[in-house]
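Visitor: Need the 3D shape of this:
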Amino acid sequence: MTASPSGYPIRRYAPEPGTWRKLMARDSVVRRLDWILLLAALALSAIGAVLVYSATRNRTELNQGDPYYFLLRHALNTGIGLTLAVATIWLGHRTLRGAVPILYALSVVLVLAVLTPLGSTINGAHAWIVIGGGFSLQPSEFAKITIILGMAMLLAARVDAGDRPDPDHRTVLQALGLAAVPIAVVLLMPDLGSVMVMAVIVLAVLLSSGASNRWVAGLIGTAVLGAVLVWQLGVLDQYQIDRFAAFANPALDPAGVGYNTNQARIAIGSGGLTGKGLFEGTQTTGQFVPEQQTDFVFTVAGEELGFLGAGLIIVLIGVVMWRACRIARETTELYGTVVAAGIIAWFAFQAFENIGMTLGIMPVAGLPLPFVSYGGSSMFAVWIAVGLLQSIKVQRPIAA
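Guide: Numbers count the residues shown, from 1 in each chain. A predicted model of the protein is given here:
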């Protein structure tokens, strides 16, 4: 085992021919799955289904007169997500490594399609492609995955081959260029929340790859400069500027730009220790909190299940993070470590931002709570990520 200049351990493992076949025959893939990770993610999705139902059962203007409309669709999204996770495990992260160029190109095409007449605006964000039949696609969710896979493929190629102890400057520059394309397009939508998540992913990937700390410092400086330029050039829409203004001054226009955050804090604060009871929340039943089945689903838990119920969600997210960190630490290849680190950063930051904005400690950024919020694209993406983590854990070999 060697160490990169940043001190990150680089593990190499060269199995003898036939080793993987023997291992697979002796110990099935199912037995080697991380069942704690899987059960925690399933529990979050199950809790999410209950919360989504509570938030939408009385919303006749949304549920088309069917109180189970969103519940059934959430269950369907979860089922599709699980299927995608199983497919990802079956293919294996190493097989997908070879398909990264195709997946990346497809992801960029889909993100670019949002800027064409195919794109649609939903809840103020021009980040969707409406497929029809009530279904829509948010390409930026899948771009998070391809950024992780693409950067990991480039940064780990020569290290895993044994040519270098860490990525060289040229490789790092190529990886940053790969990530810059979808990030720039998403910024033009503009979908600032997704851009924030992608930026955190890029930082985590660089740190975990053993790249020089100078790159990390330079990237942070560039991000700060880019944020200033975005603000000065007027790239952001007015509603996004208003969100930051409301975050900086919670008392600003409580019936207007500060309405969402104020109502969310009232709902969570009124829940107390044990909550008002499932389906008994007055803020939820009275429909005071907007987008409560998606971005503000945590407020349902806070009001109806109280501190204990909301805390359970945070604990389960923590369990997912713990198991993912363990997978990243124990994998025998840098590629797997970097992929896992990118997923960890994605889940951790998005969960913190989502819960933080409902508490008023983070600006409203339109990000769903992983596994819990209603939304097909988000649910599919996070379960694909779980499939990648499980594949790294299983260490499935590339088929001969």
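Visitor: Distance-wise, check residue 377 relative to residue 110.
Guide: Counting by Cβ to Cβ, to the nearest Å, the gap from residue 377 to residue 110 is 10 Å. Glycine gets a C-beta too; all of them are placed from N, C-alpha and C.
Visitor: which element is the closest residue to residue 352 other than its chain neighbours on?
Guide: With Cβ to Cβ, 6 or more residues apart in numbering as the criterion, residue 352 has its nearest non-adjacent residue at 7.3 Å, and that residue is residue 362. Taking DSSP states H and E as the definition, one finds residue 362 inside no helix or strand.
Visitor: And for residue 299?
Guide: helix 298-304.
Visitor: Report the buried residues of that helix.
Guide: 298-304 (16 or more other Cβ atoms under 10 Å).
Visitor: now, which of those residues sits nearest residue 369?
Guide: Distances from residue 369 to the buried residues of helix 298-304, taken as Cβ to Cβ, are shortest for residue 298 (5.8 Å).
Visitor: Counting neighbours, what do you get for the closest residue to that closest one other than its chain neighbours?
Guide: Leaving aside its chain neighbours, residue 298 sits nearest to residue 358 (4.8 Å; criterion: Cβ to Cβ, 6+ apart). Neighbours of residue 358 under the rule other Cβ atoms under 10 Å: 27.
Visitor: With residue 101 instead?
Guide: 11.
Visitor: do the one 4 residues further on as well
Guide: By the other Cβ under 10 Å criterion, the neighbourhood of residue 105 contains 11 residues.
Visitor: What is the helix or strand in which it is found packed up against?
Guide: Taking DSSP H and E as the criterion, residue 105 maps to helix 100-113. Judged by 3 or more Cβ pairs under 8 Å, 6 or more residues apart in numbering; DSSP states H and E, helix 100-113 is in contact with helix 139-160, helix 169-188.
Visitor: mind checking which of those is nearest residue 101?
Guide: Closest of the helices and strands packed on helix 100-113 to residue 101 is helix 139-160, at 8.2 Å (criterion: Cβ to Cβ).
Visitor: so the closest one versus helix 169-188, what angle?
Guide: Helix 139-160 runs at 180 degrees relative to helix 169-188, counting by axes from the mean of the first three to the mean of the last three Cα atoms, to 10 degrees.
Visitor: thought residue 150 was touching residue 105?
Guide: No - counting by Cβ atoms under 8 Å, residue 150 stays clear of residue 105, with 10.1 Å between them.
Visitor: and stretch 361-376, average pLDDT?
Guide: Regarding stretch 361-376, the rounded mean pLDDT is 89.
Visitor: shared neighbours, residue 377 and residue 110?
Guide: Residues touching both residue 377 and residue 110 by Cβ atoms under 8 Å, 6 or more residues apart in numbering: 137, 139, 142.
Visitor: got a winner among those residues for most neighbours?
Guide: Once you tally neighbours by other Cβ under 10 Å, residue 139 ends up highest among the shared contacts of residue 377 and residue 110, having 27 neighbours.
Visitor: Just to check, it is in contact with residue 110?
Guide: Yes - using Cβ under 8 Å, residue 139 is in contact with residue 110, at 3.7 Å.
Visitor: in the chain, which spans are strands?
Guide: Applying DSSP state E to the chain gives strands spanning 2-3, 9-10, 119-122, 125-132, 135-137.
Visitor: residues touching the residue nearest to residue 219 when sequence neighbours are not counted, list them.
Guide: Computed as Cβ to Cβ, 6+ apart, the closest residue to residue 219 that is not its neighbour in sequence is residue 203, at 6.4 Å. Going by Cβ under 8 Å, 6+ apart, residue 203 touches 216, 219-220, 345.
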